[in-house]
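Asker: Attaching a predicted model along with its sequence, questions to come.
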Amino acid sequence: MDGTDDDVLDKEIEEMRAKVADMENQLSEQRSEVTMQQAEVRQDQEADSVYIGQVDYTATPQELHDHFAGCGAIKRVTILCDRYTGHPKGFAYLEFEDEDSVLKAVELNGTEFKGRVLKVTPKRVNKPGKGTKAGKGGGGKGAKGFKGMMTADHSNWFTPYMMGMGKGKGKGKGKGLKGFGF
């Protein structure tokens, strides 16, 4: 290979890099458009929905549908359940066909349903990043699990946590006071 072949290859590589960069930009634009469309659909769904609190644990979706049927056409009734036990959590969401139905449903706030007073509010829109556990501290090692006893002169101090036995309330092995020494 001589210098001209290298120049041709370099030129082809640069053209390919430019094409790849262009395709990546197009893909990025398409992704942002799809994300915005999804956000609009989600906001529309949330604008057509209400939160219902204090729902009786024996309530069925059909019973809630019947209670709110006078407000307008209902698309969906969702009673939230605990993921481990499968038992209802005591609140639900109703999605209506239009926003006027939401206003009518909110008027049913304070009404009685199966012996309980319902709390009905428009469904709130979650803000991205709110409600996540990021940034919250964990247990860690330390004296969180201390259950020992100490006298005023420090002569009668004993706890299994100082010896590295057992676990405290925090994460770790509860060795935070080992070798502290008095």
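Answerer: Thanks, I have the structure now.

Asker: give me the number of residues near Y57?
Answerer: By other C-beta atoms under 10 Å, 12 other residues sit near Y57. Just so you know, the C-beta spots here come from the backbone N, C-alpha and C atoms, and that holds for glycine as well.

Asker: no no, L108
Answerer: Neighbours of L108 (other C-beta under 10 Å): 16.

Asker: you'd agree it is up against G72?
Answerer: No - counting by C-beta atoms under 8 Å, L108 sits too far from G72 to count as a contact (11.8 Å).

Asker: Could I get the buried residue list for stretch 115-125?
Answerer: Residues 118, 120, 122-123 are the ones in stretch 115-125 that count as buried (16 or more other C-beta atoms under 10 Å).

Asker: any low-confidence regions in this structure?
Answerer: The model of the chain has pLDDT under 70 over residues 1-3, 39-45, 127-182.

Asker: Can you show me the helices along it?
Answerer: With DSSP state H as the criterion, the chain has helices at 3-47, 61-68, 99-106.

Asker: L80 is nearest to which of these?
Answerer: L80 lies closest to helix 61-68 among these, at 11.4 Å (C-beta to C-beta).

Asker: quick one on the thing from earlier: and the buried residues of stretch 115-125, which is closest to S32?
Answerer: K123 (25.5 Å).

Asker: for the closest one, what are its contacts?
Answerer: Going by C-beta atoms under 8 Å, 6 or more residues apart in numbering, K123 touches 46, 49-51, 93.

Asker: Over to T121?
Answerer: For T121, the contacting residues are 50-51, 53, 106, 109, by C-beta under 8 Å, 6+ apart.

Asker: tell me the two of the residues you listed that are most distant?
Answerer: Maximum distance among those (C-beta to C-beta): 12.4 Å, for G53 and V106.

Asker: Spit out the residues that contact the two alike.
Answerer: 120-121.

Asker: quick one: which of the buried residues of stretch 115-125 sit in strands?
Answerer: Applying DSSP state E to the buried residues of stretch 115-125, the entries found in strands are 120, 122.

Asker: want to try CSV for the buried residues of stretch 115-125, with distance to T78 as columns?
Answerer: Below are those laid out as CSV (distance: C-beta to C-beta, whole Å):
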residue, distance to T78
L118, 15
V120, 14
P122, 15
K123, 10
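
Asker: neighbour-wise, which of the contacts of K123 leads?
Answerer: Neighbour counts for those, by other C-beta under 10 Å, peak at V50, which reaches 24 neighbours.

Asker: isn't that one right up against F91?
Answerer: No - between V50 and F91 there is no contact, the gap being 10.8 Å when judged by C-beta under 8 Å.

Asker: Count the neighbours of D66 for me.
Answerer: Using other C-beta under 10 Å, D66 is surrounded by 11 other residues.

Asker: Over to I13?
Answerer: Close neighbours of I13, defined as other C-beta under 10 Å, add up to 10.
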